[in-house]
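# All I have is the shape, not the residue letters:
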């Protein structure tokens with residue numbers, strides 16, 4: 001009783017074919033590619049989640065060890081304080097006992113001398129006089145001891161903060177999603193102009209130091225400016241020989257800055273007074289600059305990345321296969337002493353040439369993050385394979401890029417004057433700071449290690465913006 005049952009050969013013979021197997025094959029291949037890409041993302045996310053779980057458990061145990069060590073220290077401090085108070089009280093008692101025993105001995109001696117006198121009136125008279133004096137001194141000693149001494153014991157008073165707080169707390173550490181969107185509040189605008197500045201400040205790069213202070217790269221005034229960690233006012237500056245571009249910390253005591261007008265990288269110590277400790281000369285115009293795994297990564301403004309070992313030996317030049325053109329954009333990696341390690345080349349698309357603005361590199365050097373004015377955010381591995389290219393409508397003229405201590409990326413989109421957040425593999429999370437009225441004003445971004453403060457630099461108004469991260 002089934003209706004509309006057709007024999008396929010008859011149906012094909014009586015009806016024009018509308019399906020194009022070649023086109024369908026292409027669509028299937030495109031679908032397979034998308035599925036592979038997203039499956040790879042989820043597999044990577046799974047591996048990262050497993051690793052983050054192991055890291056989190058290790059962090060909990062490490063924190064517990066730190067708590068135990070602190071409790072041991074507090075215990076020893078409490079015992080030492082008890083010992084100190086005990087010694088003081090015990091000394092007071094022993095000093096008074098010693099004085100009483102001395103008077104007791106004097107009284108006993110006087111008694112014995114007075115009793116031993118027989119048939120010697122003169123000696124009896126002398127011993128009696130001495131006995132009166134000893135008895136009087138003993139009476140005064142007893143009265144002073146009674147009046148000036150109060151029985152004291154040691155009593156332990158439990159801390160009224162620690163134990164109640166522990167009873168309120170169920171976990172040693174809070175568990176949160178690693179790549180959740182950062183939330184900011186309480187924007188503070190801080191003026192960073194110095195009396196010697198001849199131009200309106202253009203802050204092209206920002207970095208936090210381990211002590212919490214901040215160094216700014218003022219492109220137009222040719223200065224590095226160190227700010228106080230609490231007031232964000234300029235407390236010291238260093239004059240550069242020419243215009244600068246990007247800056248990055250090298251170690252606890254040094255930062256590196258790219259000087260594109262001189263084709264040089266300068267290393268600046270900030271331990272005491274800021275001073276140059278070394279310079280690296282290149283044969284290209286250097287713009288983007290990052291430090292990872294002991295190496296410096298330096299880009300020109302077009303298409304290549306070079307990596308150099310710390311001793312100066314060139315390792316390799318990495319080319320990207322995503323773009324096919326004769327023009328290249330380069331990122332060069334130099335060792336801190338100035339030895340070229342390798343070059344990573346990124347071929348631009350036929351339609352638009354890459355225009356590298358800034359670089360960031362993962363801590364282990366496995367991923368290189370590039371902001372390109374015309375091509376958004378590009379992420380590649382250290383073999384030149386493009387992991388992801390994000391160039392969606394949310395991003396326009398990206399400039400500054402910063403990898404947070406949690407691993408996520410912050411990108412300053414200058415065209416929209418906002419700050420975007422991405423996962424380490426380039427998946428877009430959201431907008432940390434949304435657009436405001438002014439445009440073309442968000443060239444650099446950075447967070448402190450504790451992820452409590454976020455700085456966004458500005459162009460053309462002598463200010464930076466400091467946000468609280470919540």
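Yes, it's here. Since this is a predicted model, take the numbers as computed values, not measurements. Numbering: from 1, shown residues only.

# can you give me how far stretch 392-405 is from the chain middle?
Here stretch 392-405 is found 19 Å from its chain centre; the criterion is Cα atoms, centre = their mean, to the nearest Å.

# Could you chop this protein up by domain?
24-152, 184-469 (automatic domain parsing).

# where's residue 402, which helix or strand?
In this assignment (DSSP states H and E), residue 402 forms part of strand 398-403.

# list the helices and strands that strand packs on?
strand 356-361, strand 367-372, strand 376-381, strand 409-413, strand 445-447 (3 or more Cβ pairs under 8 Å, 6 or more residues apart in numbering; DSSP states H and E). Where you see a C-beta, it was placed from the backbone N, CA and C, and this is true even at glycine.

# Can you redo these as TSV, where the extra columns are distance to residue 196 and mean neighbour count?
Below are the helices and strands packed on strand 398-403 laid out as TSV (distance: least, Cβ to Cβ, whole Å; neighbours: other Cβ atoms under 10 Å):
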stretch	distance to residue 196	mean neighbour count
strand 356-361	27	26
strand 367-372	31	26
strand 376-381	36	22
strand 409-413	27	27
strand 445-447	24	24
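
# JSON lines please, covering the ones you listed and showing mean pLDDT.
Below are those laid out as JSON lines (pLDDT from 0 to 100):
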{"stretch": "strand 356-361", "mean pLDDT": "89"}
{"stretch": "strand 367-372", "mean pLDDT": "90"}
{"stretch": "strand 376-381", "mean pLDDT": "89"}
{"stretch": "strand 409-413", "mean pLDDT": "91"}
{"stretch": "strand 445-447", "mean pLDDT": "92"}
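
# Residue 69 is nearest to which of those strands?
strand 445-447 (28.2 Å; Cβ to Cβ).

# re earlier: take the helices and strands packed on strand 398-403 and lay them out in a markdown table including distance to residue 210.
Shown next, in a markdown table, are those (distance: least, Cβ to Cβ, whole Å):
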| stretch | distance to residue 210 |
| --- | --- |
| strand 356-361 | 18 |
| strand 367-372 | 22 |
| strand 376-381 | 27 |
| strand 409-413 | 19 |
| strand 445-447 | 13 |
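
# closest one to residue 119 among the ones you listed?
strand 445-447 (102.9 Å).

# what comes into contact with that closest one?
Residues outside strand 445-447 that contact it (Cβ atoms under 8 Å, 6 or more residues apart in numbering) are 206-208, 214, 400-402, 404-405, 410-412, 419, 453-457, 469.

# coming back round to it: could you list the residues in contact with the strand holding residue 402?
205-206, 357-363, 369-373, 376-377, 409-415, 420, 424, 442-447, 457.

# let's see 7 Å
357-358, 360, 362, 369, 371, 376-377, 409-414, 443-447 (Cβ atoms under 7 Å, 6 or more residues apart in numbering).

# Work out for me the element residue 132 sits within.
Counting by DSSP H and E, residue 132 is found in helix 121-148.

# Show me what that helix is packed up against.
Other elements packing on helix 121-148 under the criterion 3 or more Cβ pairs under 7 Å, 6 or more residues apart in numbering; DSSP states H and E are helix 21-116.

# The helix it packs on packs against which elements?
Under the contact criterion of 3+ Cβ pairs under 7 Å, 6+ apart, helix 21-116 touches helix 121-148.

# how about the helix it packs on: buried residues?
Buried residues in helix 121-148, counting neighbours by 16 or more other Cβ atoms under 10 Å, are found at 127, 131, 134, 138, 141.

# what angle sits between that helix and helix 21-116?
Here helix 121-148 runs at an angle of 160 degrees relative to helix 21-116 (axes from the mean of the first three to the mean of the last three Cα atoms, to 10 degrees).

# tell me how far the helix or strand just after helix 121-148 is from the chain's mean position?
Sequence-wise, the next helix or strand downstream of helix 121-148 (DSSP H and E) is helix 162-168. Mean-position distance between helix 162-168 and its chain equals 29 Å (Cα atoms, centre = their mean).

# average model confidence for the strand holding residue 402?
Averaging pLDDT along strand 398-403 gives 92.

# what angle separates it from strand 409-413?
Going by the same axes, to 10 degrees, strand 398-403 makes 160 degrees with strand 409-413.

# Low-confidence bits of this protein, can you list those?
1, 16-18, 174, 176-178, 309-314, 319-354, 435-441 (pLDDT under 70).

# ok, residue 451 to residue 219 distance?
27 Å (Cβ to Cβ, to the nearest Å).

# out of those two, which sits in the more crowded spot?
Set side by side, residue 451 and residue 219 show more neighbours around residue 219, with 23 against 12, by other Cβ atoms under 10 Å.

# phi, psi of the more buried one?
phi -60, psi -50 (degrees, to the nearest 10).

# Report the contact partners of it.
202, 204, 243, 244, 245.

# ok, back up a step: to residue 224, which of the helices and strands packed on strand 398-403 lies closest?
So among the helices and strands packed on strand 398-403, strand 445-447 is nearest, using Cβ to Cβ, at 14.2 Å.

# chain center to stretch 285-299, what's the gap?
19 Å.

# cool, stretch 125-132 as well?
84 Å.

# go on, stretch 374-389?
25 Å.

# Ends of it, what's the gap?
Start-to-end span of stretch 374-389 (Cα to Cα, to the nearest Å) is 12 Å.

# tell me which element the closest residue in space to residue 394 that isn't next to it in sequence is part of?
Spatial nearest neighbour of residue 394, excluding adjacent residues (Cβ to Cβ, 6 or more residues apart in numbering): residue 420 at 6.1 Å. Using DSSP H and E, residue 420 sits in strand 418-422.

# Can you give the strand pairings for that strand, parallel or anti for each?
strand 409-413 (antiparallel), strand 428-433 (antiparallel) (DSSP bridges).

# Reformat these as JSON lines; add distance to residue 276.
Listed next are those as JSON lines, based on distance: least, Cβ to Cβ, whole Å:
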{"stretch": "strand 409-413", "distance to residue 276": "28"}
{"stretch": "strand 428-433", "distance to residue 276": "34"}
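
# wait, which of these is closest to residue 160?
The nearest among these, by Cβ to Cβ, is strand 428-433 at 39.7 Å.

# buried set for that closest one?
428, 429, 431, 432, 433.

# How about residues contacting it?
Taking Cβ under 7 Å, 6+ apart as the rule, strand 428-433 contacts 179, 181-182, 184, 390, 392, 394, 408, 410, 418-423, 456.

# Thanks a lot, see you next time.
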